[in-house]
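**Student:** From the sequence below, what's the structure:
(one chain, ligands or ions: 1)
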Amino acid sequence: MDPFTSRKFSRAIIRRPCREMIHGITSAGLGIPDYHLALQQHKEYERALRSLGLEVFVLESDYRYPDSAFVEDVALCTPGMAVITAPGAASRKGEELLMERELGKFYEHIERVEEPGTLDAGDVMMAGNHYYIGISGRTNHEGAAQLIRILERYGMSGEKVEIGPMLHLKTGVSYLENETVVAAEMMSRHPSLSGFRKIIVPEGEEYAANSVWINGAVLLPDGFPKTAEKVQAAGYPVIPLPVSEYQKLDGGLSCMSLRF
Ligand code: CIR
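**Tutor:** Now for the predicted structure:
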């Protein structure tokens, strides 16, 4: 397959936030999320996925895991197999087992990253058959090396990307297919990303570097007009979505779903 062949997603998995989300991990300093507003925003997110033709599977909230609405971190969905991750934050360990059960309904082949490897899939950016894997506070070298070995067994490839103090790789860069990324200034200069056309997020709008390409359109967080304009000018229809309550927990749009 051409490494830059655009894929088409037909399904998504999301998990409703739980009331305990107010105890989720955060460094944002934006205050405590409003659970009811978060639920509304989640439903809007779900509607947007459906409007793009996806069949959406909505998992029940799980009070044991305050961060469990951020489903993207606990699994990586590739076209031929899924990888269950080994979450890098202690309070999130166990979320991946819940997701393994769900993905077993869709995937014949399921692989696992195992400790001492740790990996949050928020650190994994898929570009065709090649995967960029951020080395972060959540994803260690061992976890990334395991993932690369798994990908290679299935005819794909991966490389490690040092990301510095950011939470996850995709906090600062998202792949919009067509050899294009939207990236925060700092990430846009990263040597690993030199081959991509770049849409650089203006200063003050860094949060919008986490966006989601779905079947030609781009979901962007609401309230970042300059980025929206740039993404639109690059030829993508943009769907702005309010996700303020997730931002308060360091979560971006991409973390809120698994698309496959
Ligand atoms: C966490 O710290 O794990 C959650 N509060 C936010 C996770 C966001 N996930 C992501 O960026 N992929």
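
**Student:** How much space separates the residue in the stretch 1-150 of the chain positioned nearest to the ligand from E203?
**Tutor:** Closest to the ligand within the stretch 1-150 of the chain is G122: 2.2 Å, counting by Cβ to the nearest ligand atom. Quick note: C-beta positions are derived from backbone N, CA and C, even for glycine. Per Cβ to Cβ, to the nearest Å, G122 is found 23 Å from E203.

**Student:** next one: phi and psi at the residue lying closest to M21 once chain neighbours are set aside?
**Tutor:** Excluding the flanking residues, the one nearest M21 by Cβ to Cβ, 6 or more residues apart in numbering is P66, at 5.3 Å. Note on P66: its backbone torsions stand at phi -60, psi -30 [degrees, to the nearest 10].

**Student:** Can you give me the neighbour number for P66?
**Tutor:** Around P66 there are 22 other residues, counting by other Cβ atoms under 10 Å.

**Student:** Test my guess that it contacts C18.
**Tutor:** Yes. Counting by Cβ atoms under 8 Å, P66 touches C18, with 6.8 Å between them.

**Student:** Might you report the residue contacts of the closest residue in space to R19 that isn't next to it in sequence?
**Tutor:** Excluding its sequence neighbours, the residue lying closest to R19 (Cβ to Cβ, 6+ apart) is Y35, at 5.3 Å. By Cβ atoms under 8 Å, 6 or more residues apart in numbering, the contact list for Y35 reads P17, R19, M21, I22, E245.

**Student:** Can you turn the buried part of those into a ChimeraX selection?
**Tutor:** In ChimeraX syntax, the buried subset of those is picked out as below (16 or more other Cβ atoms under 10 Å):
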select :17,21,22,245
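
**Student:** For the ligand, tell me which of the contacts of Y35 show up nearby.
**Tutor:** Among the contacts of Y35, not one lies near the ligand by Cβ under 6 Å from any ligand atom.

**Student:** Farthest pair within the contacts of Y35?
**Tutor:** Greatest spatial distance among these (Cβ to Cβ): R19 and E245, at 12.3 Å.

**Student:** how about the residues of this protein near the ligand?
**Tutor:** Counting by Cβ under 6 Å from any ligand atom, the residues of the chain near the ligand are 24-26, 67, 70, 72-73, 89, 92, 122, 167-168, 170-171, 249-252, 255.
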